[in-house]
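Asks: Pasting the sequence and the predicted model now:
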Amino acid sequence: MSRPNDLILRSTTSLIAFILFGFSIYLYFAGHNAPGGGFIAGLMVSSAIVLMYMAYGFEAVNKILPINYRYCTAIGLMIAVLTGVGSFFFGEPFLSHTFGYLYIPFFGNKELATAMLFDLGVYITVLGITMTIILSIADDR
Amino acid sequence: MTNIMDFTQNMVEVVSIICIIAISISLVLLLYRVIKGPSNPDRAVALDAIGVNIMALAGLLAVLLVTTYFNDVILLIGILLFIGTIAIAKFLEKGVIIDHDMD
């Protein structure tokens, strides 16, 4: 079997993966009023990692990203539940949310909602589940 | 003056609707090629073209509804289409999408 020659795929992956990570962070912060949110941002970052797996293979990516994605799912669900429980400390019903305006240097006056913390849980859960499914299917051993 | 403005606005709407109908017809034909296609490379090319047509559809909807929120959606479809095309091409070339050890 001849050695694969993936020069174009490998050199574009190193560029495009970073664009995808940045786009996923943009989508995460754009959510709640515009298209975006935790779910689609998690899908974006998992597609970036899948692209890296396709270009470099199992061994290399496992060396640079030694993450067990099953733990990611559990941590994400834990964050989502804890943000729901956090509303008890303010005497509110489960999962109630609020928002406020905050001045961030260089970005200006931004609206920040507590639903963003819940979205962080969704983000990590979607990343874990998608990567677990894809890596279990693609493992040919 | 308002006459011309009304005319151009109507023209943009009519042209976008005609384009949406044309793209829908082409999507149906491409779907036939994906399902029926005699060989796998046919299906790969047809899936790629379906993605491009869906991007065009989202752009035309953005023109028709006069909104900028569709721009993120178009970028998203483009990225997923790129990754899907790479995966199909690699599957056709090697038979495995994620290799175990490259070297």
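Replies: Structure received.
Asks: give me the low-pLDDT residue ranges for chain B?
Replies: Scanning chain B for pLDDT under 70 picks out the ranges B:102-103.
Asks: Repeat the analysis, applying 90 as the threshold.
Replies: Where chain B drops to pLDDT under 90, the residues are B:1-6, B:8-9, B:37-41, B:66-73, B:86-103.
Asks: Tell me which stretches of it form helices.
Replies: B:2-36, B:40-65, B:70-94 (DSSP state H).
Asks: so which of these comes closest to A:Phe99?
Replies: helix B:70-94 (21.4 Å; CB to CB). C-beta: built from backbone N, CA, C; applies to glycine.
Asks: and chain B, which residues reach chain A?
Replies: Proximity of chain B to chain A, by CB under 8 Å from any CB of the partner chain, involves residues B:69-70, B:72-73, B:75-76, B:79-80, B:82-83, B:86-87, B:90, B:94, B:96-102.
Asks: thinking again about what came up before, put together JSON lines for the helices of chain B, with mean neighbour count on each row.
Replies: Output for these, formatted as JSON lines (neighbours: other CB atoms under 10 Å in any protein chain shown):
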{"stretch": "helix B:2-36", "mean neighbour count": "12"}
{"stretch": "helix B:40-65", "mean neighbour count": "16"}
{"stretch": "helix B:70-94", "mean neighbour count": "16"}
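Asks: Ok, which of these comes nearest A:Ile134?
Replies: helix B:70-94 (10.1 Å).
Asks: re earlier: who wins for proximity to A:Thr98 among the helices of chain B?
Replies: helix B:70-94 (26.0 Å).
Asks: helices or strands up against the closest one?
Replies: helix A:7-30, helix A:38-56, helix B:40-65 (3 or more CB pairs under 8 Å, 6 or more residues apart in numbering or on different chains; DSSP states H and E).
Asks: who's in contact with A:Trp45?
Replies: Quick fix: residue A:45 is Val, not Trp. A:Leu20, A:Phe21, A:Ser24, A:Tyr123, A:Leu127 (CB atoms under 8 Å, 6 or more residues apart in numbering or on different chains).
Asks: burial of the second one, as a residue count?
Replies: If I follow you right, that is A:Phe21. Residues contacting A:Phe21 under the criterion other CB atoms under 10 Å in any protein chain shown number 14.
Asks: For it, which non-adjacent residue is closest in space?
Replies: A:Ala48 (5.6 Å; CB to CB, 6 or more residues apart in numbering or on different chains).
Asks: Would you confirm that A:Ile134 contacts A:Val50?
Replies: Yes - the criterion here is CB atoms under 8 Å, and A:Ile134 meets it with A:Val50 at 5.8 Å.
Asks: Those two - which one has more neighbours?
Replies: A:Val50 (23 against 18).
Asks: Switch the helices and strands packed on helix B:70-94 over to TSV; also include distance to A:Pro93.
Replies: Shown next, in TSV, are these (distance: least, CB to CB, whole Å):
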stretch	distance to A:Pro93
helix A:7-30	26
helix A:38-56	22
helix B:40-65	36
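Asks: Out of the helices and strands in chain A, which is least certain?
Replies: Across the helices and strands of chain A, the lowest-confidence element by mean pLDDT, DSSP states H and E is strand A:108-113, at a mean of 75.
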